[in-house]
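Trainee: any chance you could fold what I've pasted below:
(chains A and B)
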Number of protein chains: 2
Amino acid sequence: MTGLTTPARTPDAPGDPGARGALDAPVTPGAARPTTPEHLDAVARRAATAAELIAARPDAERAAWLDAVADALDAARDDLVPIADAETRLGTARLTGEVARTTGQLRLFAEVVRDGGWREIVIDHADPAAVPPRPELRRMLVAVGPVAVYSASNFPFAFSVAGGDTASALAAGCPVVVKAHSGHPLLSDATAAVVSAALKTAGAPDGTFALVHGRGAGERLVAHPAIRAAGFTGSLSGGRALFDLASGRPDPIPFHGELGSVNPVVVTRAAVAARGAGLAAGLAASFTLGSGQFCTKPGVVFVPAGAGFEALVAESVAGASAGPLLTDRIQAAFPLGLARLADDPAVEVVASGRPSDGAPTPVVLATDASEIAKRPSALLEECFGPMTLLARYRGDDDLLAALRAVGGSLTATLHAEPDDDVSTLVPVLASVAGRVLFDGWPTGVAVTWSQHHGGPWPASTSAHTSVGATAIRRFLRPVAYQDAPERLLPPVLRDAALAGVPRRVDGVAVV
Amino acid sequence: MTGLTTPARTPDAPGDPGARGALDAPVTPGAARPTTPEHLDAVARRAATAAELIAARPDAERAAWLDAVADALDAARDDLVPIADAETRLGTARLTGEVARTTGQLRLFAEVVRDGGWREIVIDHADPAAVPPRPELRRMLVAVGPVAVYSASNFPFAFSVAGGDTASALAAGCPVVVKAHSGHPLLSDATAAVVSAALKTAGAPDGTFALVHGRGAGERLVAHPAIRAAGFTGSLSGGRALFDLASGRPDPIPFHGELGSVNPVVVTRAAVAARGAGLAAGLAASFTLGSGQFCTKPGVVFVPAGAGFEALVAESVAGASAGPLLTDRIQAAFPLGLARLADDPAVEVVASGRPSDGAPTPVVLATDASEIAKRPSALLEECFGPMTLLARYRGDDDLLAALRAVGGSLTATLHAEPDDDVSTLVPVLASVAGRVLFDGWPTGVAVTWSQHHGGPWPASTSAHTSVGATAIRRFLRPVAYQDAPERLLPPVLRDAALAGVPRRVDGVAVV
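Mentor: Next up is the predicted model:
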């Protein structure tokens, strides 16, 4: 969905202080002024205080806060979208849709909170006759404490200040400190103002939400003792640096990062024969969507050698164009990354799209699957922008070997016909990716209860999703109460509060 | 429950190659011969192959493997217990009980597998009318792949070769490579032989289970590319070293470690008045249980200043004795650790138990809660063996400040009377520990669906339990199938297989 994945193209990687691209957008003095260490410390301490206050309030209040933030953002949409467009060049239509996605996420998490299943309540009644006698135990999940959220560049609403990480952390009961992305500092400030005002009006305690700016603040944030977990969407290099800081603390904290994904697609010979033109058109639309700046962009497409699919792709791509990339820096990096790959003796250019002013031209390269099996890191270095790589396979063996070499991805996609024998292939796709798609394209990530947006490293750094209802699980930890008198149990664990809450009692799941 | 937590007393910490204490037990030549790098590599590769074979089998088969291992261990009990006693000195009665606990754990996980709820299946049907249209998504948890398990010294059955980590990893569908604890190499080999034979007879693929020996093998294991997660119970220093190896890999893997715990207990003034003698007797029994070698040993007990509780404790402890510690090395370290603490000007000895030959004498020290708030690391360095520290508090303020300074623990315990106002105290206990007990003692960890054996760092390195049904979650990752034709779905995700499986469908929990 998101993510800058090549260091040279990443405006917000540690080691790259303050880079914001050569934006023409107006910059308010001080808008992105780096947060001082003293201010950061104060913010984190306020968050720790807020965590205790939030824990003492009913869950339903928190659900109302999420709805209030969603309403406020919808109301501010027409003010925010122009700021976003000036800073990201993504266009009014796309950005307006992204606001709706963002407020939809907030409302989904309000629904998740109200459902109560997220607490994973498990109750075992006492059994004095057991050997040894069993106590009563009531287990539930509780908020971990203040969460650091690192915004992404390519979804300035949905994976940014009020995006999915913020929504799921607030839903869990965790105060949030957002590190603004340097690509859209003004939008970050404007969004934060809307979020803060809505939370305050809705009754959330001071310290529930804050925004900080600057690389140093981002690094200090993940190392601050008050911060208990982090959510991140961005580059492999930037994410790895923060992951290492989180893991290297005296008290390591979980770092939930989405660091990049190649998103392999497999097209069978029969699928090309049955609907090759449609597949070529679908591919052209998918890898150019958002100008190829989606983390779910199909980065490598395994196509049957000699089946004529390349010609169909060339035909479809000829008419495709892309919009400008997020920043001048990213835009300047695209042809360089492309050239590095196209200069490889095993790679050729097989299709080009329509050039347009101030925007990159879509390009399709091709190589052999056997080359990818041999040199995956050289050929699959993720190229942020409208390009994809076709990989010709001759049989199952070289296809499977190449797929295993691709490494962890957010998605893996299969285009096959009913008579294809793909019984070996599907488990391999599931072993390299967190979402396996059939006859679709990976760009587009539904925000639902069932979504999984994550995958083996480096797609994500933890076994959790960053999109969809179960993203809340990242910011929770279990607590069990043993033989607690009812008056001392948290209200949600008392018998009177359990009706209708999905839970497990004496080993049996009940709703 | 388990865990050696002070470097000097830890026989199996990295940096301490081959230490096995000066056991008098017979040592078969080669029993603990360090596993060579070549053998380790072969073992890990076989585990990777086994992972794919296991994934293709029905869950019910795996449940039967767990039952078969449990039956085989029960049948071999009278052979295994003497080996364990010779290596650990824990005594036949305790060790016989521990075998029952171990086979009970295996059978619980068979039950967990059959229940199916562990897959956390979530299904959202397609909604073509939604904007944008929603695909069908079916999400479930699947095995992460081969798991490294690091045995503990103090539970040679229940947290060792066939212990909870192994049971929960096998239940998840993960092949297991166990690093034997150097404190009980012969028992490890003997147990592994029983497990391997039972798995083979039950039909598990080659590579499902293996045992390795030696510090170097343990370090290489967590760094091996085929290993996808680790479970550990042991010392802070040893666990931290392995955690750093796991986190420092090119592809970091989750490291689920239990590294030590102080387990604070709070006794209110009213509780002392109402039942002081009983509490003193309970404390004496708890901190000397297993000779004070339980990870859930109450290590610090907050007592009201001037309420006379110390005299009651002295009376109870006078009659208490302990058995020999696990190894001569641990036994030699105990008086040194004790002396270091007793020499602190803020600490005094307030009670001693009955000396016995070849075993440490139980000791109770005391200090002021305010000292703990000021110097927690000096006063709370965990001392493996039969000692505990009373901390006198004068009011809520110094009690709460000291509790917050204690840091993450597996447990926190409260002894209070119905009229006590503990509404501020209970949330603080829940913030520092994974299990909050009322009017009980933390030693003794029920193996149930609801158990949580974990807590904030360093009690555990992840937000999961190592005891009880949900321990399986450590070795799973989500996969979502988007618009999969039914024939290409894994069988457990097909409609026909869902009846009776706890799941969520279109946002609603059903069973």
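
Trainee: right, and residue A:424 touches residue A:400 too?
Mentor: Yes - between residue A:424 and residue A:400 there is a contact under CB atoms under 8 Å: 7.1 Å. (Each C-beta comes from the backbone N, C-alpha and C, glycine too.)

Trainee: what's the local residue count around residue A:131?
Mentor: A count of neighbours around residue A:131, defined by other CB atoms under 10 Å in any protein chain shown, yields 8.

Trainee: assumed it was part of a helix.
Mentor: No - under DSSP: H, G, I helix; E, B strand; the rest coil, residue A:131 sits outside any helix and is assigned coil.

Trainee: the more surrounded of residue A:424 and residue A:400?
Mentor: Just comparing residue A:424 and residue A:400: by other CB under 10 Å the higher neighbour count belongs to residue A:400, 18 against 10.

Trainee: nearest spatial neighbour of that one, chain-adjacent residues omitted?
Mentor: In this structure, residue A:400 finds its nearest non-sequential neighbour in residue A:428, 5.7 Å apart by CB to CB, 6 or more residues apart in numbering or on different chains.

Trainee: wait, isn't residue A:112 in contact with residue A:118?
Mentor: Yes - Residue A:112 lies in contact with residue A:118 (CB under 8 Å); the separation is 5.6 Å.

Trainee: A helix includes residue A:206, no?
Mentor: No - read with three-state DSSP, residue A:206 is coil and lies in no helix.

Trainee: surely it meets residue A:46?
Mentor: Yes - taking contacts as CB under 8 Å, residue A:206 lies within contact range of residue A:46: 6.3 Å.

Trainee: where's the spatially most central residue of chain A relative to residue B:462, distance?
Mentor: Among the residues of chain A, the one closest to the centroid is residue A:466, at 4.8 Å (CA atoms, centre = their mean). Per CB to CB, to the nearest Å, residue A:466 is found 18 Å from residue B:462.

Trainee: now residue A:355
Mentor: Distance, residue A:355 to residue B:462, by CB to CB: 50 Å.

Trainee: cool, and residue A:114?
Mentor: Applying CB to CB to residue A:114 and residue B:462 gives a distance of 28 Å.

Trainee: the longest helix anywhere in chain A and chain B in contact?
Mentor: Using DSSP state H, we find that the single longest helix of chain A is helix A:59-88. No - using CB under 8 Å from any CB of the partner chain, helix A:59-88 stays clear of chain B, with a minimum separation of 14.7 Å.

Trainee: after that helix, which helix or strand is next? Please name it.
Mentor: helix A:92-115 (DSSP states H and E).

Trainee: so which elements touch that next one?
Mentor: Helix A:92-115 is packed against helix A:59-88, helix A:164-172, with contacts defined by 3 or more CB pairs under 8 Å, 6 or more residues apart in numbering or on different chains; DSSP states H and E.

Trainee: and residue A:128, how many neighbours?
Mentor: Neighbour count of residue A:128, defined by other CB under 10 Å: 7.

Trainee: what score does it have for pLDDT?
Mentor: Residue A:128 is assigned 93 on the pLDDT scale.

Trainee: list the contacts for residue A:367?
Mentor: Residue A:367 is in contact with A:344, A:346-348, A:379, A:389-392, counting by CB atoms under 8 Å, 6 or more residues apart in numbering or on different chains.

Trainee: gap between it and residue A:338?
Mentor: Per CB to CB, residue A:367 is found 14 Å from residue A:338.

Trainee: that older thread, buried ones among the contacts of residue A:367?
Mentor: A:347, A:379, A:389-392 (16 or more other CB atoms under 10 Å in any protein chain shown).

Trainee: picking that back up, compare residue A:114 and residue B:462 (neighbour count), which wins?
Mentor: Taking other CB under 10 Å, residue A:114 and residue B:462 do not tie; residue B:462 has more neighbours (23 against 16).

Trainee: residue A:319 contacts residue A:356, doesn't it?
Mentor: No - Residue A:319 is beyond contact range of residue A:356, at 11.9 Å (criterion: CB under 8 Å).

Trainee: skipping its backbone neighbours, what lies nearest residue A:177 in space?
Mentor: Closest residue to residue A:177 apart from its sequence neighbours, by CB to CB, 6+ apart: residue A:210 at 4.9 Å.

Trainee: that older thread, which stretch among the helices and strands packed on helix A:92-115 is buried most, on average?
Mentor: Of all those, helix A:164-172 has the most neighbours on average by mean count of other CB atoms under 10 Å in any protein chain shown, namely a mean of 31.

Trainee: check which helices and strands the helix or strand hosting residue A:40 sits against.
Mentor: Element membership of residue A:40 [criterion: DSSP H and E] is helix A:37-55. Contacting helix A:37-55 under the criterion 3+ CB pairs under 8 Å, 6+ apart are the following elements: strand A:137-143, strand A:176-179, strand A:209-212, helix A:215-223, helix B:425-432.
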